[in-house]
Structure formats: structure tokens, C-alpha cells
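# structure of the sequence below:
(chains A, B and C)
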Amino acid sequence: MAAVLPPQAAPHEFLRARTRWHPLEIVFWLSTLLPFVVVPEYLQLASQIAIAALFAISLDLILGYAGIVSIGHAAYFGLGAYTAGILSKHGIGEPVVLLVLGAIVAGVVGYASSFIIARFRHLALIMITLGICLMFYEAANLAGWLTGGADGLQGIKIGPLAGTFKFDLYGKTAYSYSLIVLFLCFLLARRLTHSPFGLSLRGIRENAVRMPAIGAPSDAHIRKVYTIAAAIAGIAGAVLAQTTSTVSLEVLGFQRSADVLVMLIMGGAGKLYGGILGSIVYMVARDQFSGINPQYWYFWIGLMMVLVVMYLPNGLLGGLEKLTARWRRSPT
Amino acid sequence: MLGPIAGILFDGFAYGMLLFLLSVGLSVTLGMMNFINLAHASFGMLGGYVAVTLMQHFGWPFLATLPAAFVIAAAVSMVLERVMFRRMYRATDLDQTLLTIGVVFMSIAGAAYFWGTVQQPVAVPDYLSGAFVVAGVNIARYRLFLIVVALVIVAVLIAGLEWTRFGAQVRAAVDNQRMARGLGLDVDRAFSLTFALGSGLAGLGGALAIAMVGLDPGFAFAYLIYVLIVVSVGGLASIGGSFVAASLLGISDMAGKYYVPQLGSFLIYLVMVGILMWRPTGLFGKR
Amino acid sequence: MSETVLATRGLRKNFGSLVVAGDINIELPRGARHALIGPNGAGKTTLINMLTGMLQPDAGQIMLEGADVTGLKPAARVHRGLVRTFQINTLFPRLCAIEAVTLAICEREGHARNWWRRLPVYRDAVDEAYAILASLQLGADCTRVTRELAYGQQRLLEISLALAAKPRVLLLDEPAAGVPRSESSALFQAIAGLPADITVFFIEHDMDIVFKFASRIIVLVGGRVLVEGAPSEIAADQRVREVYLGHGKHG
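Numbers count the residues shown, from 1 in each chain, chains lettered A, B, ... in the order given. All right, here's what the predicted structure looks like:
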């Protein structure tokens, strides 16, 4: 028990324990390598899951941590995807360079939008996030000379990774690449959430009224995290464009914004791993049920959303935590 | 020169009245309970399918299907309110958004399952089809009918809200819910009725919409965006605000499609974001 | 008389036709322990909201240490040492007590902009947060989540958060609201023990506590200052008696 420690040490130890790596985390990241040996025929799917997880993490930073509801987060995913796709047609073949450019474009647009986002709450905020995303969708649809419009972007040419590894049909390079990008961005997000800035974000989520009363510049915090989240979403979009060599209007669609929300909430918002878990469950389920009409697939997704909101307020991860806590308590 | 402008004004206004019927219920319920119901347009879609089914399979005349669309949409919404939405009034914005998006998805899939993904045909009776010309302006009979119906409903709503006991209760609940409860008013019951009434109007709007904009399972989402624009621009719990916002939206959408078709819906979204930035509570909103 | 730290000049605010602040002039000297009393609806919380910038006055000025802060945002006033607590708990339900207070200290010190270094690296901030919590008897429960703390402890956390901002002027809006009488005295004991150079201005309904802890009392009625004076003068004032006996409530 904490009584062994001198009283001042208890809070330090308590806070340090929260930032430490849990053995389960290490097990999880090691197990992400399993698809290479266990299901090599599913590496393309694994790559898609890693991309979805990265996108979910970027949404978690603003929604799960800062409590900013966005139903138009696909705007930044799509910007990253189109940036990478369009520039690859104009001679920039190196994937990593395209990735950085995708992040910069999405981040800059995110920064510009953040001045609007930080000012609003409730319905107006939801409408504005949706409105911005719809505007990009329409703009991409109209600018057919640049984006290919409704037919999608044609002629994407992605060079080999670091000049060596080609993106093959089996997805070996694709999954390796997506996984590395996911892990690096995850490390960044993890550092961020354990920093004083991350604590301030949770403060905004928990009580937006109190923050100014303790002297916190909430608007500036929101602008910053929104920009970072937009850049990460842009990276996720760029990786999708590179690993699949296709970009269509769908990357900016409402469906994509809604899908990532479902994955994040189903997995559990505000804990990073929730978005990853949600993406795995969602994408695997969709792959298994891909035979059925997508129209019907959305019935089950809708039902899942209703059930999660009504009965599983902290998502699957929250439910698991509760279960293990109960299991731990019962033997004593 | 005058012909096309007046024509666009007329057609746009008729379209706006359709949007008004589809959205006025959400405006009032949002103002009362602050409950973000993104499934509102799904009740409109339900009304549409009720009308189509009654006409095609049961041979009902078009006019008779309209009250049926109202009643069934209202009844279904009441059930959903009881079992689902009522528990979410104090939930966060996010939970309300997610729950109701879930209902939208289910309604879209359900419609596709029962009625297929094709556009539903609808036969408008002879006395409502065709058009006549007044001072060079082409007046479609059906659109005129739509405008008349909507104006009657606006008048009934405003009068009902202003002069009936129930209307007074609704106004009190919108103004200050805690005070209304303190005075012993059954806000939950008033809300439940308002919710049903609003959904019923959406159902009526959905039934009227088919002959003008068609009906397929995408309706619940496509018109959700228009409904949300009307509500957020018009302001919460404002019938007049919804009326003006819906008219503006209908006319500018028509004008946009006529004069700058290459911009598509981009202009509408831009105007909405612009208005919200200028007035976050809408043009006529108080809160 | 020592120097004035916080002052208002001709502060006015109307809600429609209702006057919630009509020409309020107050002066708080350094180290003051002033109480603000008045019947319900007198505009006490409105005054605090205007002083802290959560509400803009229609007219008048607010001076903090000689500088006009009327146009400053709430957060900027906090940085200048003008800090408040809330009548209704305004806390961070899912943060632990130590996290909440460390958060306030990090915001004060400008650490909150750092998104790369880990929170435990800021040892001084955590130590200071713990010291504040310990001084208000929350040391043993500092790692518990706010919403699981007892109500009385939450009231103390409310004050801890304000202290973490290193106030020069502390505005307490009914710090003991909802706390049983037996505990509220202990709470005020803690407030009385604050460093002597902090100016404390508190709203309180319990007259026993007001007379015990306040060195001076301002009586607000209908948005106007009815009278200001030492506790003995207020106790003897006929107008104050009328207001209180006439309304028949003070608690």
C-alpha cells in the first residue's frame, strides 16, 4: 500500500505510474507483427486497419481528450490523401516526402479552421465541422481537372519506399509502412497525452467553464491540438493514398467521418488504445461481412452505435477495464 | 428577364416550404430539450414511404395518404422517444449525436431492405399536376399546393403556440425549463407531444416531397443536412426563424443551381458556415 | 489605511429592465478579510462575475493594483492574481485531486504549453500541488478522482484550485454552500489561515461566520451598496436589520 511511502512521494509515484509502459502495451505492439507470419494473405487488410487506427487516434486527441465533437474529421484525412496522390503525379515519388507534405497541408488547413472551431460549442460546432468537411467534398468534386472528380484520381505513381521497397500486391511493404507510421504517431500522441498540455486538454473536456478561472488559455490549447490532430489525420490519408494507389471522393465523405467516430467510440474514447481496438473490430467485421449489401451493413453499424451509447459508455476498452477490475476484486 | 427570376423565386419558395415542414419540428424540440436529434429527417423519409405504400398497395388517393404519413411518423417517433431518446436528454452532445446517427443508419438500411434502393414513383392526381402561366411566370399546380399547405401550417403553428394552453406550456419550457418545472409544469409530457408533432410534420413533409425531389433511402441523410442548415441558421425554437431560413435556403439553392450550376452545393455550405460564424445562434436565435 | 488592491468605480449592469448592479463602488485593501452579504438576488454573484471578467459590465471600471482590467479576459485577470471560486462546484469530475491542482499550477507557470515532456518531470509543480492539498486536509485523498470525493472535500478542492493560481485577491462565492455548520467553521478556519497579504472577499449567508471572520462587511441590496462598515456597525445598523428581517432569510 501507499502507506509505506512518505506522504509527499505518493503523488509523484502515482503520476509516474500512469506514464509508465504497461506490459500489456508491449505485448500488444509485439502482436501487431503476427499478421506477417500468421495471416500473410491478409496483409492488405492489416494495412487498412493500421491506417484506420491512426485516423482514430487523431480524432481521439480532439474528441476523447479535449472533448471537441467533430463529425467532419474526414476533411483532413482527405486533404492528406489528395495531397499525396496529386503530388505523386507531378514527380514526387518518395513516400516519406509525400507523407510529410500531406501532414503539412492538412495541418495548415487544420490550423486555419481551428480559429473557427475554438469559438463554438454544441450544435453550432457540430454543424461547422460537418460544413467544412462538406465544402471540401464539394470542392474536390468540382475541381475535376485536379482531383479527377467523381471518377477518382487517376495515374498515381508511388515510388519504392526509401528507394528500395516496392509496394507489392501482397501488402508486405504496405503493412510494414502503415505499421511503422502508426507506431511513430502513436508514440507522439502518447507523449502528448502524458504531458502538461495533455492534462490541460482533459481539463477542457472535464470543465470548460473552470479553465479560464484557473488562468488557462483554452482557445489556444484547442487550436494547437486541433492542428496536431489534423496533421496526423493528413498522414493517415497520405498513407492510404500510397498503399492503395487510389484516391476517390470517398476519402472526404461523411461516411468516413462517421466510420471513424464509430470505431473510436466503440473502442473507447480518451485512451488511445480504444481507437485502435475499435478499428480492428470494425474493419475485421466489415471484411467478414463484405458479402452482404453495404446498405444492410450500415444497419448493424447503426445498431452497434445505439447499443454502445446506451449500454457501454466507455466503449469496449472501458468495458474490459471494468471486467478486469471486478475479476481482480472478487478473489479477495 | 423577369420571367426566370420570378420563376426561380416561386420554385425556390415552394422548395423552401418543403424544407420548412421537414425542419420546424427539430427547431422546436432542440430549443426545448437541447436534444440533438440527427434522426429527424428519418421521420420525413418514413412519412414518404408510408404515402408511397398506401398509394401503391392499398390504392389510397394521394390526399388521404398525407394525414396517414403524419400520424404514423408521429406514432413511431413517440415510441422511439419513450424507449431511447428520453434517457439521453442529459447525455453529452457526443452521445446524442452518435445515438441519433445510429438511428439514421438503421433507418437507411431498413428502407433499403423493405423498399429497395430505387427511386419511388409517385402519381400525383390530375388536379395537382400540370402548370399554368401568370404574367409570364410558369406556376406548377403541385408547387402552389405545397406553398398553400405550408402557409396554413405556419399559421396554425403560430396561432397554436400563441393562444393555446399547450402552446403556452411549450413556450415556458423553451424559455426556462427549470422555472417551468418549478411551476409544476409537466415538461416531459409537453416535450413528448411536441416531439411527436414535429416528427409528424416531418412525415407530412416527406410525403409531400416525393413528387418534387423523389424518394430513396438516401433521403434521411441528404435532407438531414438541409434540415440542420435550416435549424442552425434559423435559430432554435423559432418558427418564424425556420420559415425565413427555409425560404432563403430554398430560393438560394434553386438560384444557385440555375445560375452557377458548376458550384453545386458548395455555395450553400459556404453560406451556412459563414452565417454560423457571424451568428453562432442563428439569424433569429436567442441562445 | 493600507493600499487598495481591488476597486470598482461606478460599476453598472442591467439584465433587461432589472438592475443587477447600480453604481457599485468598493475598495479592498491589501490583506483584507471582507464579507459581501445581502438577500437573495441582491447581485452578489453578478458582482463576482464582473470582477473576474465572466460578465462584462455596462459601465464603470475595475481597477486591480492600480491598473484598469475592465476589458481583460478572465484568464488574463487570473494571471494578474485575481482568482475566484464558485458557489456551485465547478471542478474536473474525472481528474484526480492532485492532477487538477497540478494542472492549475502548470497553467500558472506556463508549463501547460509543453506537449513533449511528461508531467512527473515537473516535480516542483507536483510538490506544490501536494502542499496545497495537504494544507486543506486533502493530502491523504489526493490521488482519488474528484467525483468520488465527499462533498465537503470537493468544496475544499474548489478552494485548492483557486490557491494554485497564487491569488493576490481571492473571491470566494459562498465557499461553505451546502456544507453542514459543524464543518463550515473548519473550512473558514483554513481560509483565515491564508497568508496575510492575500486579500479575501467572500460571500456568505451564515451571519455567525461572517461576524467571526470578516473584518469589514459590505451589504448589497438590489444591486446597490446599502452600507459598508465594521461588523459591529453592521450589526447595529437599522437598515440592514430591516432588509434581513423584512425578507426573513439569511441562511
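
# and for the residue in the stretch 101-250 of chain C positioned nearest to chain B, the neighbour number?
Per Cβ to the nearest Cβ, C:Arg147 is where the stretch 101-250 of chain C lies closest to chain B, at 15.0 Å. (Glycine included, C-beta is placed from N, CA and C.) Look at C:Arg147: counted by other Cβ atoms under 10 Å in any protein chain shown, it has 13 neighbours.

# I'd say B:Phe166 and B:Phe191 touch.
No: the pair B:Phe166 / B:Phe191 is not scored as a contact, 11.6 Å apart, by Cβ atoms under 8 Å.

# between the two, which one's more packed in?
Each of B:Phe166 and B:Phe191 has its neighbours counted (other Cβ under 10 Å); B:Phe191 has more, 23 against 13.

# flag every residue of the stretch 51-200 of chain A that's near chain B.
Within the stretch 51-200 of chain A, the positions near chain B by Cβ under 8 Å from any Cβ of the partner chain are A:63, A:67, A:69, A:71, A:116, A:119-128, A:130-132, A:134-135, A:138-139, A:141-142.

# give me every residue that touches A:Ser290.
Applying Cβ atoms under 8 Å, 6 or more residues apart in numbering or on different chains to A:Ser290 gives no contacts.

# ugh, wrong one, I meant A:Ala103
Residues near A:Ala103 by Cβ under 8 Å, 6+ apart: A:Gly80, A:Ala231, A:Ile232, A:Gly234, A:Ile235, A:Ala238.

# distance of it from chain C?
From A:Ala103 over to chain C the distance is 16 Å, taken as Cβ to the nearest Cβ, to the nearest Å.

# next one: that residue relative to A:Asp259, how far apart?
As judged by Cβ to Cβ, to the nearest Å, A:Ala103 and A:Asp259 stand 21 Å apart.

# and what of C:Val210?
For C:Val210, the distance to A:Asp259 (Cβ to Cβ) stands at 59 Å.

# kindly report the same for B:Phe243.
Distance from B:Phe243 to A:Asp259, by Cβ to Cβ: 36 Å.

# so between those two, which is more surrounded?
A direct count of neighbours by other Cβ under 10 Å for B:Phe243 and A:Asp259 places B:Phe243 higher, at 24 against 21.

# in three-state terms, label C:Ala196 for me.
Taken by DSSP: H, G, I helix; E, B strand; the rest coil, the conformation at C:Ala196 corresponds to coil.

# the nearest residue to it once chain neighbours are set aside: neighbouring residues, count only.
Distances taken as Cβ to Cβ, 6 or more residues apart in numbering or on different chains place C:Gly31 nearest to C:Ala196, at 5.1 Å, with adjacent residues excluded. The local packing of C:Gly31 (other Cβ under 10 Å) involves 16 other residues.

# can you show me the helices along the stretch 51-200 of chain C?
C:74-79, C:97-109, C:123-135, C:151-164, C:181-192 (DSSP state H, counting those that start in this stretch).

# low-confidence ranges in chain C?
For chain C, the stretches with pLDDT under 70 are C:1-2, C:245-251.

# I figured A:Thr227 hits A:Gly107, correct?
Yes: under the criterion of Cβ under 8 Å, A:Thr227 makes contact with A:Gly107 at 5.5 Å.

# how close does C:Ile198 sit to C:Asp237?
In this view, C:Ile198 and C:Asp237 are 28 Å apart by Cβ to Cβ.

# which of those two has more neighbours?
Taking other Cβ under 10 Å, C:Ile198 and C:Asp237 do not tie; C:Ile198 has more neighbours (20 against 16).

# phi and psi next, for that one.
phi -80, psi 130 (degrees, to the nearest 10).

# tell me who's in contact with residue 68.
No chain in the question, so chain A it is. By Cβ under 8 Å, 6+ apart, the contact list for A:Ile68 reads A:Ile62, A:Ile117, A:Leu125, A:Ile222, A:Tyr226.

# right idea, wrong chain: chain B
Per Cβ under 8 Å, 6+ apart, neighbours of B:Ala68: B:Val50, B:Ala51, B:Leu54, B:Trp60.

# could you look up the SS state of the second one?
In terms of secondary structure, B:Ala51 is helix; the call rests on three-state DSSP.

# okay, and for chain A, where does confidence drop off?
Residues of chain A that meet the cut-off, pLDDT under 70, sit at A:1-9, A:330-332.

# near chain C, which residues of it?
A:2, A:7-8, A:10-12, A:14-16, A:19, A:191-192, A:194-200, A:202-203, A:206-207, A:209-218, A:221, A:224, A:228.

# circling back: got phi/psi on the residue nearest to C:Ala196?
Residue torsions, per degrees, to the nearest 10, at C:Gly31 are phi 80, psi 10.

# what count of nearby residues applies to A:Glu138?
20.

# other SSEs contacting the helix or strand where it lies?
According to DSSP states H and E, A:Glu138 maps onto helix A:122-142. Counting contacts by 3 or more Cβ pairs under 8 Å, 6 or more residues apart in numbering or on different chains; DSSP states H and E, helix A:122-142 is packed against helix A:74-89, helix A:95-117, helix A:254-267, helix B:93-115, helix B:219-234, helix B:266-278.

# can you list the buried residues in it?
When burial is assessed from 16 or more other Cβ atoms under 10 Å in any protein chain shown, helix A:122-142 yields the following buried residues: A:123-142.

# cool, stretch A:102-109 as well?
Across stretch A:102-109, burial judged by 16+ other Cβ under 10 Å covers A:Gly102, A:Ala103, A:Val105, A:Ala106, A:Gly107, A:Val109.

# just to revisit the earlier point, quick one, the helix holding A:Glu138 and helix B:93-115 angle?
Interaxial angle, helix A:122-142 versus helix B:93-115 (axes from the mean of the first three to the mean of the last three Cα atoms, to 10 degrees): 50 degrees.

# got the CA positions of the following helix or strand past helix A:122-142 in PDB?
Using DSSP H and E, the helix or strand that follows helix A:122-142 in sequence is helix A:144-147. What follows is helix A:144-147, C-alpha atoms only, in PDB (Å, rounded to 0.1, in the frame of the first residue of the first chain):
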ATOM      1  CA  GLY A 144     -12.200  17.600 -61.600                       C
ATOM      2  CA  TRP A 145      -9.200  18.900 -63.500                       C
ATOM      3  CA  LEU A 146      -7.100  18.500 -60.300                       C
ATOM      4  CA  THR A 147      -8.800  15.600 -58.400                       C
END
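
# outside of helix A:144-147, which residues touch it?
Residues contacting helix A:144-147 (Cβ under 8 Å, 6+ apart): A:Tyr82, A:Ile86, A:Ala140, A:Asn141, A:Ala150, A:Asp151, A:Leu153, A:Val247, A:Leu249.
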